[in-house]
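Undergrad: Structure of the sequence below:
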Amino acid sequence: MPKLKTKSGAKKRFKITGTGKVLYAQRGKQHGMIKRTKKQIRNLRGTATLFEPGATKPATSIALPSEKVVLFGPRGARIELSDLPQQLAVGSTVTLTFSFATTTPASATAAVERPASPSPAT
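TA: Here you go, the predicted model:
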């Protein structure tokens, strides 16, 4: 049986640091630089982090609006609370238990807040 070869495409495009970060070269600097602004060219220098181990930290408390829809993090992951046994009152606290497929369940205490006013449509 022949030896398995390293995936040379990934080998050329990614670098794993000693701490476990995965770095990649910024895209958009191969050609067509004349039409890019100086700021774009400057910001595309060097490498960027694709993955950083341990970058996410578990939440110990989460503030919830009383409208039952919650947005988490910069990517906008959301959790919808349904079939609640009692009505959520502004100012009260609720204990939430999250179950995950890969790790043990986690509990968090959430404070119920007044819903934010919707932003005007543009």
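
Undergrad: And what about residue 28, helix, strand or coil?
TA: coil (DSSP: H, G, I helix; E, B strand; the rest coil).

Undergrad: list the contacts for it?
TA: By CB atoms under 8 Å, 6 or more residues apart in numbering, the contact set of residue 28 is 36, 40, 44. (Each C-beta comes from the backbone N, C-alpha and C, glycine too.)

Undergrad: The first one and residue 21, how far apart?
TA: Translated: residue 36. Residue 36 sits 27 Å away from residue 21, taking CB to CB, to the nearest Å as the criterion.

Undergrad: picking up where we left off before, pipe the contacts of residue 28 into JSON lines and attach secondary structure per row.
TA: Listed next are the contacts of residue 28 as JSON lines, based on three-state DSSP:
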{"residue": "36", "secondary structure": "coil"}
{"residue": "40", "secondary structure": "helix"}
{"residue": "44", "secondary structure": "coil"}
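
Undergrad: just curious, which of those residues is nearest to residue 109?
TA: Nearest to residue 109 among the contacts of residue 28, counting by CB to CB, is residue 44 at 42.9 Å.

Undergrad: how deep is the closest residue to that closest one other than its chain neighbours tucked in, by neighbour count?
TA: Distances taken as CB to CB, 6 or more residues apart in numbering place residue 26 nearest to residue 44, at 4.3 Å, with adjacent residues excluded. Neighbour count for residue 26, taken as other CB atoms under 10 Å: 11.

Undergrad: shaky segments in the protein?
TA: Under the criterion pLDDT under 70, the flagged ranges of the chain are 55-85, 100-103, 115-122.

Undergrad: Run through the strands of it in chain order.
TA: 14-16, 22-25, 47-51, 61-65, 69-72, 77-80, 93-98, 106-113 (DSSP state E).

Undergrad: Can you list the strands that the shortest one pairs with?
TA: Okay, so that is strand 14-16. strand 22-25 (antiparallel) (DSSP bridges).
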